[in-house]
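A.B. asks: here are the coordinates; sequence isn't available:
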């Protein structure tokens with residue numbers, strides 16, 4: 001009977017993981033994509049977050065709590081990845097740039113412009129903007145998720161939004177303070 005409890009716990013976290021991936025996997029992938037802007041990197045972020053969350057057996061996990069942990073792990077992994085990559089930014093001019101096709105739709109053009117401008121933000125600025133406007137989190141929740149102060153979150157939001165507003169010349173996007181999330185869902 002001593003072995004029955006670990007087996008039951010293992011079955012429980014496996015069922016929570018299976019249910020989370022089946023029902024919320026696409027939403028987690030979209031969330032990671034908005035953060036990093038690349039489908040392959042987003043898939044890597046989600047996988048890393050799932051491994052980090054479920055690598056330690058935790059009792060009492062339900063799908064909602066597991067999703068919250070995974071979302072927090074995705075944001076943390078993105079910020080950590082950006083921090084590690086910052087020393088290589090000096091060589092960015094050596095990397096090939098993705099060619100974008102001309103789009104007939106103005107909405108798609110605005111979305112591509114927004115995606116490109118999100119890529120110019122620092123990892124913390126981007127994480128704060130995405131968590132605020134795509135994740136619909138409050139400043140205190142973002143501060144908790146990223147492990148920084150609420151004042152720092154406000155500064156990153158202010159700096160990120162100012163960069164987005166000045167870079168995006170479309171008056172409809174620049175004039176709407178909740179505009180950075182338009183078209184990303």
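C.D. replies: Happy to help now that I have it. Small disclaimer: the values here were computed from a predicted structure and weren't measured. Numbering: from 1, shown residues only.
A.B. asks: Where is the longest helix in this protein?
C.D. replies: As assigned by DSSP state H, the longest helix anywhere in the chain is helix 4-36.
A.B. asks: Which SSE is immediately downstream of it?
C.D. replies: On the C-terminal side of helix 4-36, the closest following helix or strand by DSSP states H and E is helix 39-54.
A.B. asks: Run the angle between that next one and helix 4-36 for me.
C.D. replies: On the basis of axes from the mean of the first three to the mean of the last three C-alpha atoms, to 10 degrees, helix 39-54 is oriented at 150 degrees to helix 4-36.
A.B. asks: downstream neighbour of helix 39-54 in the secondary structure list?
C.D. replies: Where DSSP H and E defines the elements, the next helix or strand beyond helix 39-54 is helix 63-85.
A.B. asks: Mind giving me the packing neighbours of that next one?
C.D. replies: In this structure, helix 63-85 makes packing contacts with helix 4-36, helix 39-54, helix 123-133, helix 139-146, judged by 3 or more C-beta pairs under 8 Å, 6 or more residues apart in numbering; DSSP states H and E. Any C-beta I mention is one placed from the backbone N, CA and C, and that applies to glycine too.
A.B. asks: contact partners of it?
C.D. replies: The contact list for helix 63-85, computed with C-beta atoms under 8 Å, 6 or more residues apart in numbering, reads 16-17, 19-20, 23-24, 28, 31-32, 35-36, 45-46, 48-50, 52-54, 122-124, 126-127, 130-131, 135, 145-147.
A.B. asks: show me the contacts for residue 163.
C.D. replies: Residue 163 sits next to 117, 120-121, 125 when contact means C-beta under 8 Å, 6+ apart.
A.B. asks: same deal with residue 167?
C.D. replies: Counting by C-beta under 8 Å, 6+ apart, residue 167 has contacts 117, 120.
A.B. asks: what number of residues lie near the residue nearest to residue 50 when sequence neighbours are not counted?
C.D. replies: Sequence neighbours aside, residue 70 is the residue nearest to residue 50 in space, at 6.1 Å (criterion: C-beta to C-beta, 6 or more residues apart in numbering). Residues lying near residue 70 (other C-beta atoms under 10 Å) number 26.
A.B. asks: Equivalent analysis for the one 5 residues further on, please.
C.D. replies: Look at residue 75: counted by other C-beta under 10 Å, it has 25 neighbours.
A.B. asks: Break this structure down into its structural domains.
C.D. replies: Under the assignment automatic domain parsing, the domains of the chain span 1-95, 103-185.
A.B. asks: Drop anything exposed from the contacts of helix 63-85.
C.D. replies: Using 16 or more other C-beta atoms under 10 Å as the burial test, the contacts of helix 63-85 include 16-17, 20, 24, 28, 31-32, 35-36, 45-46, 48-50, 52-54, 122-124, 126-127, 130-131, 135, 145-146 as buried.
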